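In: 3D model of this:
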Amino acid sequence: MRWARVGGRFAVIEDEHVLPVEGSPFGDGYRSTGERLRLTDTELQPPVLPPTFYAVGLNYADHIVQAKQRGMAAAKLPARPEVGYRANSALIGHGQPVVKPADCTGRFEAEAELVAVIGRPLRRCSRDEARAGIFGWTIGNDVSARDWQHSDRTLWRAKNSDTFKPMGPWITTDVDPLQSETTVSVDDEPVARFKTGAMIFDPYDYLVEISRYITLVPGDVLWMGTDAVVPMEVGTTLSVAISGVGTLSNPIVLGTASNPIVLEEES
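Out: Take a look at the predicted model:
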């Protein structure tokens, strides 16, 4: 089953149509509104607005090697699963533009990530309970501005600027993405591939560790890190595909000098 959000409502994706519902897949139930929209004519929003937005860093060995080669002192194999956070305000949906701020210099990069969506409360859970607690899976692009990442004391701009967190296009249930392949494409040309499940710690490791200290609730998301860092160039469209889950595509545009996060055509 595939779940999306359109116009602030949840919807079921059926073939090439979008069927909005009243209610939530995380709540006490839902019912069809009777509407039937064409998928190609519908703007998809991020498929969930998470109560808490968890994000994993440095979770693939090749990514750590590459980061170390670039001089990142903290790039080393993790001894245990540790997690960070991202801002909901940075989320955008499939097809919406990523805006590169006009004052953003240096490397501007995509990180293709699998995203786990939590479907039930988890507290001090086992691996089996963690597995059962995942409602479904979606895709994220952890857009990163590296000069800001290295110069600021925190990741507040580098990872969390407006539009820096595309997520979607929908949540897919009944799939094991750890058996999938992730492909990153620029203007429909593949530029990177990796085995999605080739993680140092898998989603269940993280959920077990997080839930020792923090209660996870339905709708929380956990971004799982990447094994492909790809440059993002203004004027191109970057796509992240995870087999069995879907494809997330977003054009890259430039902000204005006077307002770095406003599209040029809006000035």
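
In: for this structure, give me the ranges with low pLDDT.
Out: Within the chain, the ranges that satisfy pLDDT under 70 run 63, 67-75, 257-267.

In: show me where it has its helices.
Out: For the chain, the helices defined by DSSP state H cover 61-69, 127-133, 146-151, 203-210.

In: looking at those, which is nearest to I252?
Out: If you check each of those against I252 by Cβ to Cβ, helix 146-151 wins as the nearest, at 15.3 Å. Heads up, the C-betas are built off the backbone N, CA and C, glycines and all.

In: what residues of that closest one count as buried?
Out: By neighbour count on 16 or more other Cβ atoms under 10 Å, the buried set for helix 146-151 is 146, 148-149.

In: quick check, V221 in contact with G119.
Out: No - V221 is beyond contact range of G119, at 11.2 Å (criterion: Cβ atoms under 8 Å).

In: which outside residues touch stretch 145-165?
Out: Contacts with stretch 145-165, where a contact means Cβ atoms under 8 Å, 6 or more residues apart in numbering, come from 53, 55, 84, 86-87, 89-92, 96-99, 101, 104-109, 140-144, 261.

In: can you say which of those are buried?
Out: Buried by 16+ other Cβ under 10 Å: 53, 55, 86, 90-92, 96, 98-99, 101, 104, 108-109, 140-144, out of those.

In: tally of neighbours for E43?
Out: E43 has 10 neighbours, counted by other Cβ atoms under 10 Å.

In: likewise the one 5 residues further on?
Out: As a burial measure, the neighbour count of V48 was computed by other Cβ under 10 Å and equals 29.

In: how about the contacts made by it?
Out: 5, 117, 138, 171, 219, 221.

In: quickly note the distance from it to V117.
Out: Using Cβ to Cβ, to the nearest Å, one obtains 6 Å as the distance from V48 to V117.

In: mutual contacts of the two, please.
Out: Contact with both V48 and V117 is made by residues 138, 171, 219, 221, according to Cβ under 8 Å, 6+ apart.

In: how about the last one, nearest residue that isn't a chain neighbour?
Out: So that's V221. Closest residue in space to V221, ignoring its immediate chain neighbours: P50 at 4.4 Å, by Cβ to Cβ, 6 or more residues apart in numbering.

In: does the one you found touch N88 like I think?
Out: Yes - taking Cβ under 8 Å as the definition, P50 is a contact partner of N88 at 6.6 Å.

In: so for these two, which sits in the more crowded spot?
Out: P50 (20 against 15).

In: tell me the phi and psi of G93?
Out: Main-chain dihedrals, G93, degrees, to the nearest 10: phi -100, psi 180.

In: no no, A198
Out: Per-residue torsions, A198: phi -80, psi 50 (degrees, to the nearest 10).

In: begin at 10, not 1, for the rest of this chat.
Out: Done: numbering now begins at 10, and the last item shifts to A207.

In: run a quick neighbour tally on A88.
Out: Under the neighbour criterion other Cβ under 10 Å, A88 is assigned a count of 7.

In: re earlier: between V230 and G128, which has more neighbouring residues?
Out: More crowded of V230 and G128, by other Cβ under 10 Å: V230, with 27 against 20.
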